[in-house]
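Peer 1: sequence and predicted model, in that order:
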Amino acid sequence: MGKHIFYEESGQFKVAEIVQENDATFLVNTQHGKRAKIKSSHVFLAFDSDAAQFLQQATDAAADIDISLLWEAVGSEAEFTATGAAAEYFGSNNGNVELAATLMALYAAPMYFYKKNKGVFKAAPAETLQQALAAIERRKQQEAQINSWIQELLAGSLPAPIAADAKMILHAPDKQSLSYKAVIKAADQKKTSVFSLLQSVGAVPPLPEYFLDGFLLTQFPKGVDCGDYPVPAIHNLPAADTTVLAFSIDDIETSEVDDAFSVRDLPNGNKLVGIHIAAPALAITAESPLEKLIFERQSTVYYPGGKITMLPDNWIAAFSLDEGAARPAVSLYAEVNSQFEIVHCESRIESVYIDCNLRIENIEQAFQPQQACGDTEVFAHQHEMNWLYDFAIARMQARGKYDPERLPQYDYGIKLDAENKVRISVRERGAPIDTLVSELMIFANSTWAQMLDEAGMAGLFRVQPTGRVRMSTQSEPHIGLGLKHYAWFTSPLRRATDYINQKQLISLLDSGVPSRFEPQDAMLFAVLRDFESTYAAYNDFQRHMEAYWSLIYIQQEQLQELTAQLIRDDLVRIEGLPLVSRVTGVPIDAMPKCHMKVAVTGIDLEQVNVGLNYVNVLVPVAGG
């Protein structure tokens with residue numbers, strides 16, 4: 001029988017027959033019959049007995065070694081050799097098999113023994129060892145818990161801890177959590193998705209709530225509750241003229257009334273138009289907790305069936321231009337002559353009496369300014385609104401944006417009744433009441449943007465010198481609106497940009513108030529960047545939810561075919577719904593803006609997707 005070696009290779013102990021030996025290596029025949037070279041530094045001992053039997057005896061002996069007893073035998077003070085450890089543990093029975101077994105045991109217990117050199121070790125300190133053993137025990141318990149949850153999930157049950165974590169697992173998982181690991185492993189075993197698995201055990205809420213949960217976890221990780229922000233009293237505001245009876249125009253669900261209007265006759269025959277904007281910036285101090293909240297939220301969030309306000313409810317109640325009381329406002333007054341030319345403008349910080357809040361749904365049918373009007377008002381301030389509409393048309397003409405031949409376009413809104421049945425509201429874009437409000441807002445925004453720019457003050461401007469509209473800290477032309485200056489000022493209850501610009505405007509109107517931002521202020525750039533990304537995310541969520549409820553409406557009304565307008569390629573806008581989708585089979589020569597009939601082939605509510613097939617072109621738009 002030849003001579004053999006016992007050696008370590010890649011963490012495994014092996015035996016082999018020696019063919020040739022020199023100082024640095026052994027040439028051997030392995031147990032698998034292959035010729036190999038083994039470095040001497042990897043060889044621990046040589047023996048003459050049967051190799052396979054030796055390895056089996058060493059393995060069996062190693063399995064019987066009490067690791068804790070071995071650790072106690074070698075002590076934890078100094079380094080020791082495997083030979084010394086075998087002698088301590090096995091005593092007079094110590095031999096090659098026992099030495100090999102001891103080496104196997106020492107290598108297999110790295111928590112107990114630190115490898116220092118070939119055949120040389122050091123016992124782990126008692127405290128360190130206890131910590132390591134406790135960690136192992138925790139891992140065993142965790143694995144047992146994970147396996148228990150997996151079995152419950154596969155059996156169709158929902159463990160309470162996973163139910164509690166379901167929202168996070170679905171939308172923002174902690175991949176190190178036990179609940180997530182259990183769900184992932186269970187989904188893999190069931191060969192399904194995490195969503196489908198959790199849905200099957202009742203852990204997924206109704207889809208609208210599911211979508212909202214994901215949005216809130218991303219955009220409102222601290223929750224939607226604003227917290228407590230006391231409203232300070234505002235004293236010594238000059239009162240507007242007692243003849244100013246302002247009125248607002250909003251839809252019936254609006255709770256943040258940012259803007260109101262007034263019209264007065266002047267002795268010289270001209271009109272004095274007042275545009276009055278709620279003024280929360282008067283009471284918000286720089287770097288205050290409330291300002292930090294504004295910069296965190298950036299805007300009110302709107303979606304079908306709900307909204308999340310930028311400001312706390314008590315601040316909205318204090319500064320919203322609600323009827324029946326005098327409210328703090330930043331007002332723009334414009335003297336307008338009989339040709340609707342602006343003679344003079346003046347801006348003031350004041351207290352304005354709000355006479356009434358007109359609601360669009362209640363007055364729109366009666367508001368027909370293009371028709372002959374009688375002396376009797378159907379609703380309050382109808383005569384002023386008729387005149388303001390003519391003024392708005394003149395402003396559009398001055399901007400070069402008036403087009404009486406423009407084809408009608410429509411905006412579609414989604415409302416849910418008490419039983420979540422979808423109702424689609426349709427309003428013509430550019431309807432008289434919209435034209436009136438939007439033109440007065442554009443006038444105020446452009447006037448105040450020009451004031452900031454000419455004063456060399458910082459602000460957040462809306463610019464479009466070419467291409468797409470964007471935000472900027474420098475005023476540039478807005479070609480889409482036909483204006484040299486434009487910025488948002490008129491929604492300070494709802495947008496951080498308007499709050500910032502109002503803060504700047506107040507410092508311009510009141511020399512005793514310092515400006516909030518100086519030009520090139522790094523924080524202003526940061527707010528601009530954050531606003532753009534946050535505002536886009538809010539709008540994406542609103543569109544996502546509108547698309548979801550549009551699909552529900554299609555199912556609700558059992559619509560098999562829809563009319564769509566081609567945007568480009570295979571992308572279409574569904575008429576009558578706030579929904580954009582892709583269509584299969586659109587002819588390559590179909591012209592953008594053409595109208596077509598499309599067939600509904602399927603609806604996936606989870607993915608908010610509708611399958612559409614092209615049927616035929618309906619009415620091509622002249623000129624493409």
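Peer 2: Looks like it arrived, so ask away.

Peer 1: contacts only, for L178.
Peer 2: Residues near L178 by C-beta atoms under 8 Å, 6 or more residues apart in numbering: 142, 145-146, 149, 161. Using the backbone N, CA and C atoms, a C-beta is placed for each residue, glycine as well.

Peer 1: quick check: nearest residue in space to T601, chain neighbours excluded?
Peer 2: Of all residues not flanking T601 in the chain, G611 sits nearest, at 3.8 Å (C-beta to C-beta, 6 or more residues apart in numbering).

Peer 1: quick check: the gap between that neighbour and F211.
Peer 2: 20 Å (C-beta to C-beta, to the nearest Å).

Peer 1: returning to what we had before: OK, contacts around the residue nearest to T601?
Peer 2: Applying C-beta under 8 Å, 6+ apart, the residues near G611 are 584, 600-604.

Peer 1: and for the closest residue to E9 other than its chain neighbours, the neighbour number?
Peer 2: Nearest non-adjacent residue to E9, counting by C-beta to C-beta, 6+ apart: H42, 6.3 Å away. Neighbour count of H42, defined by other C-beta atoms under 10 Å: 15.

Peer 1: could you do the one 10 residues further on as well?
Peer 2: By other C-beta under 10 Å, 11 other residues sit near A52.

Peer 1: that one touches V15, doesn't it?
Peer 2: Yes - counting by C-beta atoms under 8 Å, A52 does reach V15; the two are 7.4 Å apart.

Peer 1: where do the contact lists of these two overlap?
Peer 2: Common neighbours of A52 and V15, using C-beta under 8 Å, 6+ apart, are Q31.

Peer 1: tell me the domain boundaries of this structure?
Peer 2: 4-124, 135-204, 246-399+431-519, 549-617 (automatic domain parsing).

Peer 1: of those, which stretch is the most buried?
Peer 2: Most buried of the domains of the chain by mean neighbour count (mean count of other C-beta atoms under 10 Å) is domain 246-399+431-519; its value is a mean of 18.

Peer 1: got the contact list for S41?
Peer 2: By C-beta under 8 Å, 6+ apart, the contact list for S41 reads K118.

Peer 1: the top strand by length along the chain - what's its average pLDDT?
Peer 2: For the chain, the strand that runs over the most residues, judged by DSSP state E, is strand 342-359. For strand 342-359, mean pLDDT is 97.

Peer 1: so after that strand, what's the next helix or strand?
Peer 2: Next helix or strand after strand 342-359 toward the C-terminus (DSSP states H and E): helix 360-363.

Peer 1: quick one: that following helix to chain centroid distance?
Peer 2: Relative to the chain's own centre, helix 360-363 is displaced by 34 Å; criterion: C-alpha atoms, centre = their mean, to the nearest Å.

Peer 1: returning to that earlier point: state the pair within the contacts of L178 that is farthest apart.
Peer 2: Pairwise distances across the contacts of L178 peak at 12.1 Å for Q142 and P161 (criterion: C-beta to C-beta).

Peer 1: residue ranges in the stretch 501-624 of the chain under the pLDDT threshold?
Peer 2: For the stretch 501-624 of the chain, the stretches flagged by pLDDT under 70 are 619-624.

Peer 1: mind listing the helices for it?
Peer 2: 522-556 (DSSP state H, counting those that start in this stretch).

Peer 1: and the strands in it?
Peer 2: In the stretch 501-624 of the chain, strands defined by DSSP state E, counting those that start in this stretch lie at 561-568, 571-574, 579-582, 595-604, 609-617, listed in chain order.

Peer 1: so which strand or helix has S262?
Peer 2: Using DSSP H and E, S262 falls in strand 259-265.

Peer 1: the inter-axis angle of that strand versus strand 342-359?
Peer 2: With axes from the mean of the first three to the mean of the last three C-alpha atoms, to 10 degrees defining the directions, strand 259-265 sits at 120 degrees from strand 342-359.

Peer 1: rewinding a little: N268 versus the residue nearest to T601, what's the distance?
Peer 2: Distance of G611 to N268, given as C-beta to C-beta: 65 Å.

Peer 1: and E323, by the same measure?
Peer 2: Noted for E323: a distance of 30 Å to N268, by C-beta to C-beta.

Peer 1: residue contacts, Q450?
Peer 2: The neighbourhood of Q450, defined by C-beta under 8 Å, 6+ apart, consists of 475, 484-485.

Peer 1: the same query, at a cut-off of 6 Å, please.
Peer 2: Contacts for Q450 (C-beta atoms under 6 Å, 6 or more residues apart in numbering) come out as H485.
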